[in-house]
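# Output the structure for:
(one chain, ligands or ions: 1)
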Amino acid sequence: MDLSVRVGSLVLKNPLIAASGCFGYGVEYADTIDLSTLGAIVTKGLFMTEREGHPPPRIVETPAGMLNAIGLQGIGARRFVDEKLPELRARGATVLVNVCGTTLDEYVEVSKVISDAEGVAGIELNISCPNIKEGGIQFGCSLTGTFEVVSAVRKATALPIIPKLTPNVTDVASFARAAEDAGADAVSLVNTFLAMVIDVETRRPKISNVVGGLSGPAIRPIAVRMVHECRQTVQIPILGMGGIADTSDALEFIIAGATGVQIGTANFVDPFIWDKLLAGITAYLQRHQIGRVSDLVGTLDLRTDHQTWTSS
Ligand SMILES: Cc1cc2nc3c(=O)[nH]c(=O)nc-3n(C[C@H](O)[C@H](O)[C@H](O)COP(=O)(O)O)c2cc1C
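Sure thing, here's the model as predicted:
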C-alpha cells in the first residue's frame, strides 16, 4: 500500500498533515506522537516579530465546532528557527512553516528567514487569517493581492509555496487560480469562517475580539465543496481541511480532489487521531483494491444516473 503523495517537489510519506494553529510548533507533541510518522506538520503562523495575540477569552465551543480569535500569537520567525526547528529536525518531522505578514515586505522577509534555515520543507502562506486587522486576509480577499504576495514570495524563495486560502469569499476557485498563476506549488484550503457567538444573558460577544473563525465538523461540507470547485479550476495540488474528524471525512476531501488533508480542531479532541486515520485510510484502500492513495485523489464520480448513488 503506497500512502505517499507528491505536493510540488515535496514527497510526503502520507497525506496526513497537522493544521496550523492546532499543533503548536510541533515540539509540544513530540513526546506524545512520533512526529516523523505524519505526512507533515504546519507550524503556528509566524510574523517577523513576537506577537501577544488577543486578550482572553479567545475560544468558545460551538455546535459541532469552535470559534477562535487567537490573533496569531507567536514567537516570531527567528526565535522559531533558533528554538524550535532544531528539535523538529532531530525528530525527523516534515515541517511546513505558516508564514504571516502585515505587509508584502514582511511576507518576503519572513519567507527569506525561513528559507535560510535548515530543515524547512515548505512555506504555507497565510493570507487568510480572519482574526487580524492588518495584512493577511486583506491580501487573501483580493485577487490582485493574492497574486502579488505569492509572486513576491516566489521571487524570494526556492521552497515550495502553498498559499492558504480563505473561505470568506464568493468564488474561492478564482483565488486558487490567482495563486497558481503567481507560481504557487499547491494551495491549502480552507482557513476558518468568520463567525460570532453572543452570550444572551450579558449581551456580550463570547470572545474578546467580538468575531472569530469557525472550525470543526460544522464547516466540513462547505470546505469539501470548495475543494471540489478548486480541483476543477487549477492543476496544482490541493491540501484540504475543515472539520476532518474521522477516516470517512478525510476520504471525502481526497475524493473531492485534495492530495493531502490537514487536521486541526479534531486534534484538540483526540491527539491520537493520526494512527486511527492512517489505519482507516489503509483499510479503505485495501477494501477498494487501490494500491496508491494518490490514485484516489479527485476520483469523485459525477455521473447522474441513480444507480451510482447507492453505496456498495
Ligand atoms: C485555535 C486555532 C488556531 C489557528 N491558527 C491558525 C494559524 O496560525 N494559521 C493558519 O493558517 N490557520 C490557523 N487556524 C486554522 C486551521 O489551520 C484550519 O484551517 C481550520 O481550523 C479548519 O480546519 P479544522 O476544522 O480541522 O480545524 C487555526 C485554527 C484554530 C482552531
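
# And what about the closest residue to the ligand within the stretch 1-150 of the chain, helix, strand or coil?
Residue nearest to the ligand within the stretch 1-150 of the chain (C-beta to the nearest ligand atom): residue 21, separated by 1.8 Å. All C-beta atoms are positioned from the backbone trio N, CA, C, and that covers glycine. Here residue 21 is coil, with the state taken from DSSP: H, G, I helix; E, B strand; the rest coil.

# Against residue 96, how distant is residue 83?
Noted for residue 83: a distance of 18 Å to residue 96, by C-beta to C-beta, to the nearest Å.

# Name the nearest residue to residue 121, ignoring sequence neighbours.
The spatial neighbour of residue 121 that comes closest, neighbours along the chain excluded (C-beta to C-beta, 6 or more residues apart in numbering), is residue 94 at 4.9 Å.

# Now for the one you found: which residues touch it?
Residue 94 is in contact with 10, 12-13, 38-41, 121, counting by C-beta atoms under 8 Å, 6 or more residues apart in numbering.

# So which of the residues you listed are in strands?
With strands identified by DSSP state E, the entries of these that belong to them are 10, 12, 40-41.

# hmm, back to that, isn't the residue of the stretch 1-150 of the chain closest to the ligand up against residue 41?
No. Under the criterion of C-beta atoms under 8 Å, residue 21 is not in contact with residue 41, lying 11.5 Å apart.

# thinking residue 278 is in contact with residue 16, fair?
Yes. Taking contacts as C-beta under 8 Å, residue 278 lies within contact range of residue 16: 6.5 Å.

# rewinding a little: looking at the ones in strands among the contacts of residue 94, state which has the most neighbours.
Most neighbours among these, by other C-beta atoms under 10 Å: residue 41, with 27 neighbours.

# That residue and residue 56, how far apart?
Using C-beta to C-beta, one gets 26 Å for the distance from residue 41 to residue 56.

# Next: residue 220.
When distance is defined by C-beta to C-beta, residue 220 is 27 Å away from residue 56.

# Helices along the protein, start to end?
Counting by DSSP state H, residue ranges of the helices within the chain are 77-79, 85-90, 104-116, 137-140, 143-156, 172-181, 220-231, 247-256, 265-269, 273-287.

# Tell me which of those helices sits nearest to residue 26.
Checking the helices of the chain against residue 26 by C-beta to C-beta gives helix 85-90 as the closest, at 5.3 Å.

# Identify each buried residue in that closest one, please.
Burial within helix 85-90, assessed by neighbour count using 16 or more other C-beta atoms under 10 Å, is assigned to 85, 88.

# Give me the distance from that helix to the chain's centre.
21 Å (C-alpha atoms, centre = their mean, to the nearest Å).

# got a list of contacts for that helix?
Applying C-beta under 8 Å, 6+ apart, the external contacts of helix 85-90 come out as 25-27, 30, 35, 41, 95, 117-120.

# With stretch 190-202 instead?
60, 62, 67-68, 126, 128-130, 140, 164-168, 172, 204-207, 210-215, 219, 222-223, 226, 241-242.

# Now do that stretch: distance from first to last residue.
Taking C-alpha to C-alpha, to the nearest Å, the span from the opening residue of stretch 190-202 to its closing residue is 32 Å.

# Average pLDDT for that stretch, rounded please.
Mean pLDDT, stretch 190-202: 97.

# Could you tell me which residues of this structure lie near the ligand?
With C-beta under 6 Å from any ligand atom as the criterion, the chain comes near the ligand at residues 19-22, 44-45, 66, 68, 70, 72, 98, 126, 129, 164, 191-192, 215-216, 219, 241-244, 263-266.

# can we see that at 5 Å?
19-21, 44-45, 68, 98, 126, 164, 191-192, 215-216, 241-243, 264-265 (C-beta under 5 Å from any ligand atom).

# In the stretch 101-250 of the chain, which residue sits closest to the ligand?
For the stretch 101-250 of the chain, the nearest residue to the ligand under the criterion C-beta to the nearest ligand atom is residue 215, separated by 3.2 Å.

# The stretch 151-300 of the chain now?
Using C-beta to the nearest ligand atom, the closest approach of the stretch 151-300 of the chain to the ligand is made by residue 264 at 2.5 Å.

# That residue: how many residues sit nearby?
By the criterion of other C-beta under 10 Å, residue 264 has 24 neighbours.

# same question, residue 65
Using other C-beta under 10 Å, residue 65 has 20 other residues around it.

# In this structure it contacts residue 217, no?
Yes. Taking C-beta under 8 Å as the definition, residue 65 is a contact partner of residue 217 at 6.2 Å.

# what's in contact with the lowest-mean-pLDDT helix or strand in the chain?
Sorted by mean pLDDT, DSSP states H and E, the helices and strands of the chain end with helix 137-140, the least confident at a mean of 80. Surrounding helix 137-140, the residues in contact under the criterion C-beta under 8 Å, 6+ apart are 104, 107, 127-130, 145-146, 148-149, 163-166, 168-169, 175, 191.

# about what we covered before: which of residue 83 and residue 96 has more residues huddled nearby?
In this view residue 83 and residue 96 are compared by other C-beta under 10 Å, and residue 96 has more residues nearby, 31 against 12.
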